[in-house]
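> Build me a model:
(one chain, ligands or ions: 1)
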Amino acid sequence: MWSGFPLFPEQASTMAGRVDALYIALLCLAAFFSVLIACLVVGFAIRYRRQSPDEIGTPIHGNLTLEAVWTFVPLCIVVVVFLWSAEIFFSMNRIPPQAMEIYVVGKRWMWKAQHLSGQREINELHVPVGVPVKLTLTSEDVIHSFYVPAFRIKKDAVPGRYATMWFQATKPGRYHLFCAEYCGTKHSGMIGWVEVMEPAAFQSWLTGGGSGSLAAEGGKIFQSLGCMTCHRADSQGRGPRLEGLFGRTVNLASGEQVVADADYVRESIVTPAARVVSGYQPIMPTYQGLVSEEGLMQLIAYIQSLQEPTAAGAPMAVAPDHLAAPKGGTRKP
Ligand code: CUA
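Residues are numbered from 1 along each chain as shown. Predicted coordinates for the structure are as follows:
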């Protein structure tokens, strides 16, 4: 409805219309009360002005009904605004489980994206239309912020941790990507494009690159760092087995529990002693500085791809579901 209105960016995601509706409602609410209060100030000033020099106003001792009304009405309004915003906030932050995963690293002054299939790009992000896309974001140096106005989404990329965000593009096209956190001299040049493609075109783009999949690249790093000497599938290893680990709840030596998500796996590589798995010694050295942020993401994709060994024998590295080709049309989150 507002797409032709020049003050608003194009609406190109499932979230855009909802965010705009809330924003416009807040704007109207603020405008309504501003006008109302301004009119009352002027109106009352005229109506109740002193008309003779010796006139004294009637003392007021309060009015319970009036006070109840001006407490209750604003309360109702803010509760409605809260519920409405919370609903949007939660759907922005609840990532659909079938979302396609892409890893993004911010770096002064560029955005580097890696697809699970191994495709990499800089200052560009190719995504299919009508498919929920999950971005796992981090930064190599300072805080950046991934902002796509047409999608009405923005998330900080903070060094040393992962942030996740998702969107579902609703129409093919090229949309601006900005860094929305001041990050140094060329902050204003840290821009790019999100290219939303038809699913079929996206598939052919995706298979265009020659490199191995993200998990396969991670497997190479895993080999080269000698991780398998301790993390052995036969459970004789000095470190926990990694097959089927991703997404599972892990018991820690401290008695706590943690879900083995991307953040936990990353932490276990860079600061292994922080949260040690119950039954193991904190003997793993840190790999901080030995693996780049992109390498860490590849390792995580590799660990995510490790499944429980089948009854027949060796563990299989299989591609996660979301690697599968999106079948045309619209998938609802
Ligand atoms: Cu990166 Cu501003």
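
> how distant is stretch 32-47 from the center of its chain?
44 Å (Cα atoms, centre = their mean, to the nearest Å).

> need the contact list for the most centrally placed residue in the chain.
Nearest residue to the geometric centre of the chain (Cα atoms, centre = their mean): Met165, 1.6 Å. With contacts taken as Cβ atoms under 8 Å, 6 or more residues apart in numbering, Met165 has the following neighbours: Met92, Ile95, Lys134, Leu135, Leu137, Phe146, Ile153, Lys155. For every residue, glycine as well, the C-beta is placed using N, CA and C.

> buried residues in stretch 98-115?
99-115 (16 or more other Cβ atoms under 10 Å).

> which helices and strands sit right next to the lowest-mean-pLDDT helix or strand in the chain?
The weakest-scoring helix or strand in the chain, judged by mean pLDDT, DSSP states H and E, is helix 214-224 (a mean of 82). The contact analysis (3 or more Cβ pairs under 8 Å, 6 or more residues apart in numbering; DSSP states H and E) places helix 214-224 against helix 293-305.

> For the helix it packs on, buried residues please.
293-305.

> Let me have those residues in JSON lines, extended by distance to the ligand.
Below are these laid out as JSON lines (distance: Cβ to the nearest ligand atom, whole Å):
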{"residue": "Glu293", "distance to the ligand": "14"}
{"residue": "Glu294", "distance to the ligand": "17"}
{"residue": "Gly295", "distance to the ligand": "21"}
{"residue": "Leu296", "distance to the ligand": "19"}
{"residue": "Met297", "distance to the ligand": "18"}
{"residue": "Gln298", "distance to the ligand": "22"}
{"residue": "Leu299", "distance to the ligand": "24"}
{"residue": "Ile300", "distance to the ligand": "23"}
{"residue": "Ala301", "distance to the ligand": "24"}
{"residue": "Tyr302", "distance to the ligand": "28"}
{"residue": "Ile303", "distance to the ligand": "28"}
{"residue": "Gln304", "distance to the ligand": "27"}
{"residue": "Ser305", "distance to the ligand": "30"}
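
> and this structure, which residues reach the ligand?
Gly106, Trp109, His144, Cys179, Glu181, Tyr182, Cys183, His187, Met190 (Cβ under 6 Å from any ligand atom).

> Which of the residues you listed fall within strands?
Gly106, His144, Cys179 (DSSP state E).

> What distance do you get for the nearest residue to the last one once chain neighbours are set aside to Ile102?
Going back to what we said before, that points to Cys179. Excluding the flanking residues, the one nearest Cys179 by Cβ to Cβ, 6 or more residues apart in numbering is Met190, at 3.7 Å. Plainly put, Met190 is 18 Å away from Ile102 if you go by Cβ to Cβ, to the nearest Å.
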